[in-house]
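>>> Sequence and computational prediction follow.
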Amino acid sequence: MIFYFKLQYKRSIRSLREFGLNPFLGVILIFGLFVLLSNLLFKRISHPQYIYVVLAIMFTFPLGNAKRNEFLKNIFLNNEYRKIRLVENMLIASPFVFFLALQHFFILSLTALICGMLSSLYNEWGKSSFVIFSPFSKEPFEFTVGFRKSYWLLAILYILTIISISVGNFNLGVAALLGVMLVCMNFYSITEPIFYVWIYTQQPKYFLIGKVKTAMLYSISLVLPLMILLSVFYPAKVFIILGITLIGLLYIAMSVVAKYTNYPAQINLLQIIKLGAGVIFPPFMLIIIPHFYLQSIRKLNVYLK
Amino acid sequence: MIIIESLSKSYGSHKILNNINLTFKKGTINGIVGENGAGKTTLFKCISGLENFEGAVDYNNKTLKNVTGYLATDLFFFSKMTGHEYLQLLCNARGINDSNIKESNLFNLPLNEYAENYSTGMKKKLALTGLLIQKNEVYILDEPFNGVDIHSNIIIQEILLKLKQLDKIVIMASHIFSTLNESCDYLHYLKDGVIKNSVSKGNFEAIENDMKGDGIDSKLMDILT
């Protein structure tokens, strides 16, 4: 069991190195970010303690991945396997548990710990044969797969838009509209294996333009109902709605061209910072998008001729 | 015809393939055999354009990768993607719009289910179906018989013969010598990144004898006793 955790430690260090971070610096950065975001959350949101309990449990779920657990069951004795699952779930939940305790939410801290431990009994994560309908099957794969993984989030954002109209809160509606586009942007966050690029007969330029076109078309089809609803109920704010949609579409275009900037590896820290700069200050995108486009073309030239 | 000239591939200082020279004619099935780690998969990746290399691979002055179907040993399927969508993706990638995917379901696969939930054999059959729908000119098949049932094994043999009749080029690797014996016109023995021997049908026994390792009995006894 000790060897297993040593191995996980080594894997984490390697991942940080591949990401372009010094492991020591990486750990400090992750810790700092966690404390910073946690403090922000506890200052700005009402009842953040409950969100923290939910987050602690949610973060332990992926460890219950069915295939991963089949592998662990296969190589460890039942007792060892149970201990490993329990310890790793406790480790994942611990930052939330400690932060809740620091904020003097002792009962909730204990609840998060117990729930995190109990979730180690659930080992069927990701094992589903039920096929969710996707309206994006014609042009796989980002939207096809992304929609199936995030349909519940999109449903929440749609409901939020309706609530924003019923309570007369325009800002909430705009936030939901932007939220839908951030979800679409996230569909392009993971780079595919080389085979899925290599199969294309297009040149890099046409391949990228095709990807951007699909992303635009499918994103618009997802945000159009929200745009119409908001425009009907807030006709005086049509230009704001159009402006937000345009920025959202640029976000998505930026994430598509960013995806291949370090291909076949995932995008690195520097590229993430540039991407973040574009999100925070949208005019930057006018420089960042062409810059990412050229970088991606260079990387794709190896696989697309 | 595919002409491979002086193909070499290294990862850092480690040379995987060294000065490979091969020719694959149209309407032939070509087997590549070798032990694990001999460089077969790397060679396939180089031919198909998935890896950079030194040397040259020429296919009638055409871009080989655009007419090649590559069946990898370690297949990857996206989660939450159905078999039908996988085939659709492969068609889209080649600009094929008129393909009837349902009618092309040669192996009667449950195309409306997630491909990630398929068995090993079913995944291989799905990937193979995808290559056939693309109407490629060259087929590079890395262990096409691995994990498939006997019935599908027979169908794959039939597919290989049909591809040969249609003047396609097939290059494949298999650890099951009998399947190579039945299907291949030429066999090439790859050892430590070098082509040790190339023979035509009727002389495959020479390679089989070459491949028989010595000393395996004693190693096996060391492990088991």
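That came through, no problem. Numbers count the residues shown, from 1 in each chain, chains lettered A, B, ... in the order given.

>>> Name all residues that make contact with residue 195.
With no chain named, the answer covers chain A. B:L50, B:Y70, B:A72, B:F76 (Cβ atoms under 8 Å, 6 or more residues apart in numbering or on different chains). (C-beta placed from N, C-alpha, C; glycine too.)

>>> ah, I was thinking of chain B
Neighbouring residues of B:I195 by Cβ under 8 Å, 6+ apart: B:I20, B:N21, B:L22, B:H188, B:Y189.

>>> Can you narrow the contacts of A:F195 down to the ones near chain A?
When contact is defined as Cβ under 8 Å from any Cβ of the partner chain, these meet chain A at B:L50, B:Y70, B:A72, B:F76.

>>> Show me which of those is closest to A:L229.
B:F76 (39.5 Å; Cβ to Cβ).

>>> Could you state which residue of chain B sits nearest its centroid?
For chain B, the residue sitting closest to the mean C-alpha position, by Cα atoms, centre = their mean, is B:L141 at 1.5 Å.

>>> residue ranges with poor pLDDT in the stretch 151-300 of chain A?
Residues of the stretch 151-300 of chain A meeting the criterion pLDDT under 70: none.

>>> ok, which residues in it are in contact with chain B?
A:E192, A:P193, A:I194, A:F195, A:Y196, A:W198, A:I199, A:Y200, A:T201.

>>> Take these and write them to JSON lines, including distance to B:K168 and secondary structure.
Converted to JSON lines, those look like this (distance: Cβ to Cβ, whole Å; DSSP: H, G, I helix; E, B strand; the rest coil):
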{"residue": "A:E192", "distance to B:K168": "27", "secondary structure": "coil"}
{"residue": "A:P193", "distance to B:K168": "25", "secondary structure": "coil"}
{"residue": "A:I194", "distance to B:K168": "24", "secondary structure": "coil"}
{"residue": "A:F195", "distance to B:K168": "20", "secondary structure": "helix"}
{"residue": "A:Y196", "distance to B:K168": "23", "secondary structure": "helix"}
{"residue": "A:W198", "distance to B:K168": "19", "secondary structure": "helix"}
{"residue": "A:I199", "distance to B:K168": "18", "secondary structure": "coil"}
{"residue": "A:Y200", "distance to B:K168": "21", "secondary structure": "coil"}
{"residue": "A:T201", "distance to B:K168": "17", "secondary structure": "coil"}
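
>>> For ChimeraX, what selects the buried ones among those residues?
To isolate the buried subset of these in ChimeraX, counting by 16 or more other Cβ atoms under 10 Å in any protein chain shown, use the following:
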select /A:194,195,196,198,199,200,201
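
>>> Show me the two of the residues of the stretch 151-300 of chain A next to chain B that sit farthest apart.
Applying Cβ to Cβ across those, the maximum distance is between A:P193 and A:T201, 17.9 Å.

>>> residue boundaries of the helices in chain B?
For chain B, the helices defined by DSSP state H cover B:40-48, B:83-93, B:120-133, B:150-165, B:177-183, B:204-211, B:216-224.

>>> Where among the ones you listed is average confidence lowest?
Among the helices of chain B, helix B:216-224 carries the lowest mean pLDDT, a mean of 71.

>>> on that earlier part again, relative to B:A115, which of the residues of the stretch 151-300 of chain A next to chain B is nearest.
A:Y196 (12.7 Å).

>>> Contact partners for that closest one?
Per Cβ under 8 Å, 6+ apart, neighbours of A:Y196: A:F141, B:L89.

>>> Quick one, which of the contacts of B:I195 are buried?
Buried among those (16+ other Cβ under 10 Å): B:I20, B:L22, B:H188, B:Y189.

>>> Adding distance to chain A and pLDDT as columns, could you present those in CSV?
Listed next are those as CSV, based on distance: Cβ to the nearest Cβ, whole Å; pLDDT from 0 to 100:
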residue, distance to chain A, pLDDT
B:I20, 20, 94
B:L22, 21, 94
B:H188, 24, 94
B:Y189, 27, 93
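
>>> In strands only, show me those.
Counted as lying in strands by DSSP state E, out of those, are B:I20, B:L22, B:H188, B:Y189.

>>> how about the contacts of A:F195 in JSON lines, adding pLDDT and neighbour count?
Listed next are the contacts of A:F195 as JSON lines, based on pLDDT from 0 to 100; neighbours: other Cβ atoms under 10 Å in any protein chain shown:
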{"residue": "B:L50", "pLDDT": "90", "neighbour count": "21"}
{"residue": "B:Y70", "pLDDT": "95", "neighbour count": "23"}
{"residue": "B:A72", "pLDDT": "93", "neighbour count": "19"}
{"residue": "B:F76", "pLDDT": "92", "neighbour count": "14"}
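
>>> Pick out whichever of those sits closest to A:V180.
Using Cβ to Cβ, the contacts of A:F195 come closest to A:V180 at B:F76, 28.9 Å.

>>> what's the closest one in contact with, if anything?
By Cβ under 8 Å, 6+ apart, the residues touching B:F76 are A:P193, A:F195.

>>> cool, and the one 5 residues further on?
Contacts for B:M81 were tallied using Cβ under 8 Å, 6+ apart; they are A:P140, A:F141, A:T144, A:V145, B:L89, B:Y114, B:A115, B:E116.

>>> just checking, B:D192 touches B:A38?
Yes - the pair B:D192 / B:A38 is scored as a contact, 6.7 Å apart, by Cβ atoms under 8 Å.

>>> Could you check how far the longest helix along chain A is from the centre of its chain?
In chain A, taking DSSP H as the definition, the longest helix is helix A:204-233. Offset of helix A:204-233 from its chain centre (Cα atoms, centre = their mean, to the nearest Å): 19 Å.

>>> hmm, back to that, tell me which of B:D192 and B:A38 has more neighbours.
B:A38 (21 against 14; other Cβ atoms under 10 Å in any protein chain shown).

>>> Could you verify my assumption that the more buried one touches B:K191?
Yes - using Cβ under 8 Å, B:A38 is in contact with B:K191, at 5.7 Å.

>>> and A:L222, how many neighbours?
19.

>>> now B:I47
26.

>>> cool, and the one 4 residues further on?
Each residue near B:E51 was counted by other Cβ under 10 Å, and the total is 19.

>>> Equivalent analysis for the one 3 residues further on, please.
Other residues near B:E54 come to 13 when the count uses other Cβ under 10 Å.

>>> Which residue is the nearest non-sequential neighbour of it?
B:S8 (4.5 Å; Cβ to Cβ, 6 or more residues apart in numbering or on different chains).

>>> Contact partners for the one you found?
B:K15, B:L17, B:N18, B:N19, B:I20, B:F53, B:E54, B:G55.

>>> redo that, cut-off 7 Å
Residues counted as contacts of B:S8 (Cβ atoms under 7 Å, 6 or more residues apart in numbering or on different chains) are B:K15, B:L17, B:N18, B:N19, B:F53, B:E54, B:G55.

>>> how about the residue lying closest to the third one once chain neighbours are set aside, what does it touch?
To tie it back to what came earlier, the one meant is B:N18. Setting aside the residues directly before and after it, B:N18 is nearest to B:G193 in space (Cβ to Cβ, 6+ apart), at 4.7 Å. B:G193 is in contact with B:K15, B:I16, B:L17, B:N18, B:G39, counting by Cβ under 7 Å, 6+ apart.

>>> Now flag whichever of those is closest to chain A.
B:I16 (16.9 Å; Cβ to the nearest Cβ).
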